[in-house]
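1. here is the input, now give the coordinates:
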Amino acid sequence: MTFKEKCTFCTIYKNKKEIIYHDMYFFAIFDKYPVSPGHVEVIPKRHIPSIFDLTQDEWNMLFQTISHVIEIIKKTDLKRLYKKFIECPLNNRSIQFCKKMIINLENNNIIQGYNIGVNEGYVAGRTIDHLHIHIIPRYEKDVHDPIGGIRNVIPGMGNYRKPVSS
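-> From the prediction side, this is the model:
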């Protein structure tokens, strides 16, 4: 197993404090800057930057890992979790994200879908060079128009049912 001393995720795995799940190849943590209540990151224990660096055994285990993590998300008291994050925050920005999650849970706390994805490379938005797969629970009316889902990372390109404005 590789370990990179200055890597945020390698340090979390080494300290074993925030981990909510682990198996032979992966571990999972709740995101401290969640975009949706229950946002989790699944991270390989090996320090690798790309999803294309996964071994065949890791690929084979990934779906099972994601399934286990989704069950944990469903069983977690998310309001309590975010209140705890606010009590011991990373920084002021993390507090803002967690407060917003508590408000969002007041409006709707029933998970009805998921976006699961990877920011593969800097231009795709990766900020930590250690592979992490985002599991983002989705709630009814959490956005005005969910059509296109992940396609919305490019503004104006999400809803392929509407004509694209030039």
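2. can you count the residues close to Leu78?
-> Leu78 is surrounded by 22 other residues when neighbours are defined as other C-beta atoms under 10 Å. All C-beta atoms are positioned from the backbone trio N, CA, C, and that covers glycine.
3. list the contacts for it?
-> Residues near Leu78 by C-beta atoms under 8 Å, 6 or more residues apart in numbering: 37-38, 101, 105, 109.
4. redo that, cut-off 6 Å
-> If a contact means C-beta atoms under 6 Å, 6 or more residues apart in numbering, then Leu78 has 37-38, 105 as its contacts.
5. doesn't Ile43 belong to a strand?
-> Yes. Assessed by DSSP: H, G, I helix; E, B strand; the rest coil, Ile43 belongs to a strand.
6. you'd agree it is up against Cys10?
-> No. With contacts counted by C-beta atoms under 6 Å, Ile43 stays clear of Cys10, the gap being 9.1 Å.
7. which one of the two has more residues nearby?
-> Each of Ile43 and Cys10 has its neighbours counted (other C-beta under 10 Å); Ile43 has more, 26 against 20.
8. helix, strand, or coil at Ile135?
-> strand.
9. so what sits opposite it in the bridge?
-> Note on Ile135: beta-bridge partners by DSSP bridges are Val40, Ile116.
10. distance of it relative to Glu106?
-> 22 Å (C-beta to C-beta, to the nearest Å).
11. more neighbours, these two?
-> Legend: neighbour count by other C-beta under 10 Å for Ile135 and Glu106, higher for Ile135 (22 against 8).
12. which residues does the more buried one contact?
-> Contacts for Ile135 were tallied using C-beta under 6 Å, 6+ apart; they are 40, 69, 116.
13. filter the residues you listed down to just the buried residues.
-> By neighbour count, with 16 or more other C-beta atoms under 10 Å, those hold 40, 69 as buried.
14. could you look up the SS state of Gly113?
-> Following three-state DSSP, the label given to Gly113 is strand.
15. go on, Lys99?
-> The three-state label for Lys99, taken from three-state DSSP, comes out as helix.
16. leaving out sequence neighbours, find the closest residue to it.
-> Spatially, and ignoring its direct neighbours in sequence, Lys99 is nearest to Ile86 (6.6 Å; C-beta to C-beta, 6 or more residues apart in numbering).
17. what ranges in the chain fall below the confidence cut-off?
-> In the prediction, the chain carries residues with pLDDT under 70 at positions 1-3, 157-158, 160, 164-166.
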